[in-house]
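Participant: Task: produce atomic coordinates for the following.
(2 chains)
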Number of protein chains: 2
Amino acid sequence: MRRVNFDSLLVAMRGREVERPNRASGGTLSGHATGEPFEKSVYHILKQSYPSAIFKQYEFLNDLYTKNPKVISVRDRYALLDSPTVLFLISRGDKATKEWSLDHLFEEKQNDTADILFRKDGYYDLIDVKTRNIVKDAQAPNIISAYKLARTCALMIDNEEYDTFGMKYIGIDWEENGDNLRCTDAHFGDLFLANPDTLYINWSAGLQVQFHVCDLDQSWQGSREEWARVYLSMFVRSAEHRCQYMRDRFIMPFVKYL
Amino acid sequence: MRRVNFDSLLVAMRGREVERPNRASGGTLSGHATGEPFEKSVYHILKQSYPSAIFKQYEFLNDLYTKNPKVISVRDRYALLDSPTVLFLISRGDKATKEWSLDHLFEEKQNDTADILFRKDGYYDLIDVKTRNIVKDAQAPNIISAYKLARTCALMIDNEEYDTFGMKYIGIDWEENGDNLRCTDAHFGDLFLANPDTLYINWSAGLQVQFHVCDLDQSWQGSREEWARVYLSMFVRSAEHRCQYMRDRFIMPFVKYL
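Facilitator: Prediction:
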């Protein structure tokens, strides 16, 4: 089965320049918005290489429902995805799915799980692009809600669905270069190749798993089922630890004032 | 004692127009940055009315340390503030305070407690400006860390310091008006006039107390000491509730997979 060649994507991205956005604003060149042109570059390179298999997440759903005009109930539309786990990760809510029509297509949403979707022969890759101003962005970005990932793992186990999808991350480092931004390096990470015990959950930042793609551990040797169980074990331990931390820091010191 | 006249500030702000920032970017007109010109307006109006009493938070510290060139130890610099609670709220860390000099002034910091400081006759008002695109910003903004506020209340009680400072909020509603942004309404809220039991803590968004200034309860009739104790009681209850929620939502459903 032909999959995405991420190595050649990285080669194509390294050294690439894009026009600097918001030139006139004089604002700081940091944050999600500034790196957006690189996200678009990644999409266009992948789309050129795999024209019938690469989509934006919302584009894929629009395409799927458009090609199946007779499938109109929410349940039947969900069934088109043939994977309960991917369904959970990429579908829109019941109301939005019910109301979908050719005159009422999905648009891009901030909290969509993936920037880009690869689908071929029943296999899905959810691909997210993380851009980073190497001069300024020291803090690791939000990757995915740790709770959403826990529910994903539970679904994988419940449905014994271990090889129908992947979660892949592209890290784009960039710097200013005159009127342009230049990609100084590009990195690839496969979430399911990271030892779950190495993942960091930021409980006070929307429960987000946070990492720089270049720092993602890729040493996992176990099966995907083992990955799901080890992740869930780490998630529960981390939640218990966070509760204890909250007790020690936010409750105990103030009890004497009550 | 002459204090800030917030009513006349609101009158001066209502209907005011500012130049729309980031005109060329074509970006969405939402988020903190877009409302910034209104923050500047508020500062300039207050500075004109109370030229010797109004400062940016960092400006106040620069001014204080500049006027006391012989005070150089961290401990002595902190003592210049003559209020342990205000010290906690507005001072920079030990390292930054130690390294402060005329050649090494403080600059504005994202996580400073207040946008603007009023100081007169030993009394401080910490003033924060919250701007809101009335068409887009439905979600209540971050006001202050609930934990920082809990420590503030503990300090107030420990030092019996109840009338040396206030925490005031200005809410600026705005809409697009051609090339300008127009202030459609302005609101005032006094944190210590809000019944603490009405405050909402978003534990997964940096433990932030969140409210729209226009919605802030102003019905509190008790003393400031009672306020501090009722807030601490609410904070501890909220932390306990959050722990229980985490147990129910993030731990119990996944135990069967371990």
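Participant: Near chain B, which residues of the stretch 151-258 of chain A? Just list them.
Facilitator: Applying C-beta under 8 Å from any C-beta of the partner chain, we find that the stretch 151-258 of chain A lies next to chain B at A:153-154, A:157, A:203-207, A:228-229, A:232-233, A:235-236, A:239-240, A:242-243, A:246-247, A:249-251, A:253-255, A:257-258. All C-beta atoms are positioned from the backbone trio N, CA, C, and that covers glycine.
Participant: Now, of those, which are buried?
Facilitator: With burial judged by 16 or more other C-beta atoms under 10 Å in any protein chain shown, the buried subset of those is A:153-154, A:157, A:203-204, A:206-207, A:228-229, A:232-233, A:235-236, A:239, A:242-243, A:246, A:250-251, A:254, A:257.
Participant: I'd like the mean pLDDT over stretch A:212-224, please.
Facilitator: Per-residue pLDDT over stretch A:212-224 has a mean of 97.
Participant: got the residue ranges for the helices in the stretch 151-258 of chain A?
Facilitator: A:224-246 (DSSP state H, counting those that start in this stretch).
Participant: low pLDDT regions in it?
Facilitator: For the stretch 151-258 of chain A, applying pLDDT under 70 flags no range at all.
Participant: Helix, strand, or coil at residue A:128?
Facilitator: Put simply, residue A:128 is strand when judged by DSSP: H, G, I helix; E, B strand; the rest coil.
Participant: and it, what pLDDT?
Facilitator: 96.
Participant: just checking, it touches residue A:168?
Facilitator: Yes: counting by C-beta atoms under 8 Å, residue A:168 is a contact partner of residue A:128 at 7.5 Å.
Participant: all strands for chain A, in order.
Facilitator: A:17-19, A:54-56, A:116-120, A:123-133, A:142-145, A:165-177, A:180-190, A:201-202, A:208-210 (DSSP state E).
Participant: Same list, these, but as CSV with mean neighbour count please.
Facilitator: Listed next are the strands of chain A as CSV, based on neighbours: other C-beta atoms under 10 Å in any protein chain shown:
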stretch, mean neighbour count
strand A:17-19, 15
strand A:54-56, 21
strand A:116-120, 21
strand A:123-133, 22
strand A:142-145, 19
strand A:165-177, 21
strand A:180-190, 19
strand A:201-202, 18
strand A:208-210, 20
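Participant: got the ones you listed as JSON lines, with distance to residue B:192 columns?
Facilitator: Converted to JSON lines, these look like this (distance: least, C-beta to C-beta, whole Å):
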{"stretch": "strand A:17-19", "distance to residue B:192": "49"}
{"stretch": "strand A:54-56", "distance to residue B:192": "48"}
{"stretch": "strand A:116-120", "distance to residue B:192": "50"}
{"stretch": "strand A:123-133", "distance to residue B:192": "40"}
{"stretch": "strand A:142-145", "distance to residue B:192": "34"}
{"stretch": "strand A:165-177", "distance to residue B:192": "45"}
{"stretch": "strand A:180-190", "distance to residue B:192": "46"}
{"stretch": "strand A:201-202", "distance to residue B:192": "31"}
{"stretch": "strand A:208-210", "distance to residue B:192": "33"}
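Participant: Between the ones you listed, which one is closest to residue B:62.
Facilitator: Among those, the nearest to residue B:62 by C-beta to C-beta is strand A:123-133 (28.4 Å).
Participant: Give the pairing partners of that closest one; include direction for each.
Facilitator: Note on strand A:123-133: by DSSP bridges, its sheet partners are strand A:116-120 (antiparallel), strand A:165-177 (parallel).
Participant: Now do that strand against strand A:180-190, angle only.
Facilitator: 140 degrees (axes from the mean of the first three to the mean of the last three C-alpha atoms, to 10 degrees).
Participant: picking that back up, could the strands paired with strand A:123-133 go into JSON lines alongside distance to residue B:49?
Facilitator: Converted to JSON lines, the strands paired with strand A:123-133 look like this (distance: least, C-beta to C-beta, whole Å):
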{"stretch": "strand A:116-120", "distance to residue B:49": "54"}
{"stretch": "strand A:165-177", "distance to residue B:49": "41"}
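Participant: distance of residue A:222 from residue A:240?
Facilitator: 23 Å (C-beta to C-beta, to the nearest Å).
Participant: can you check residue A:121 too?
Facilitator: From residue A:121 to residue A:240 the distance is 41 Å (C-beta to C-beta).
Participant: just residue A:95 next, same as before
Facilitator: Residue A:95 is 35 Å from residue A:240, by C-beta to C-beta.
Participant: Then residue A:55?
Facilitator: 39 Å.
Participant: How about residue A:63?
Facilitator: From residue A:63 to residue A:240 the distance is 43 Å (C-beta to C-beta).
Participant: Roughly how far does residue A:225 sit from residue A:161?
Facilitator: From residue A:225 to residue A:161 the distance is 10 Å (C-beta to C-beta).
Participant: And for residue A:120?
Facilitator: In terms of C-beta to C-beta, residue A:120 sits 17 Å off from residue A:161.
Participant: can I assume residue A:122 is in contact with residue A:165?
Facilitator: No: if you go by C-beta under 8 Å, residue A:122 and residue A:165 don't touch, sitting 9.7 Å apart.
Participant: what residues are shared contacts of those two?
Facilitator: residue A:83 (C-beta atoms under 8 Å, 6 or more residues apart in numbering or on different chains).
Participant: Check the contact between residue A:247 and residue B:243; I expect there is one.
Facilitator: Yes: Residue A:247 lies in contact with residue B:243 (C-beta under 8 Å); the separation is 6.7 Å.
Participant: neighbours around residue A:59, how many?
Facilitator: 18 (other C-beta atoms under 10 Å in any protein chain shown).
Participant: Quick check: it vs residue B:219, distance?
Facilitator: Taking C-beta to C-beta, one finds residue A:59 at 50 Å from residue B:219.
Participant: now do residue A:42
Facilitator: For residue A:42 relative to residue B:219 (C-beta to C-beta), the value is 53 Å.
Participant: Nice, that's everything, thank you.
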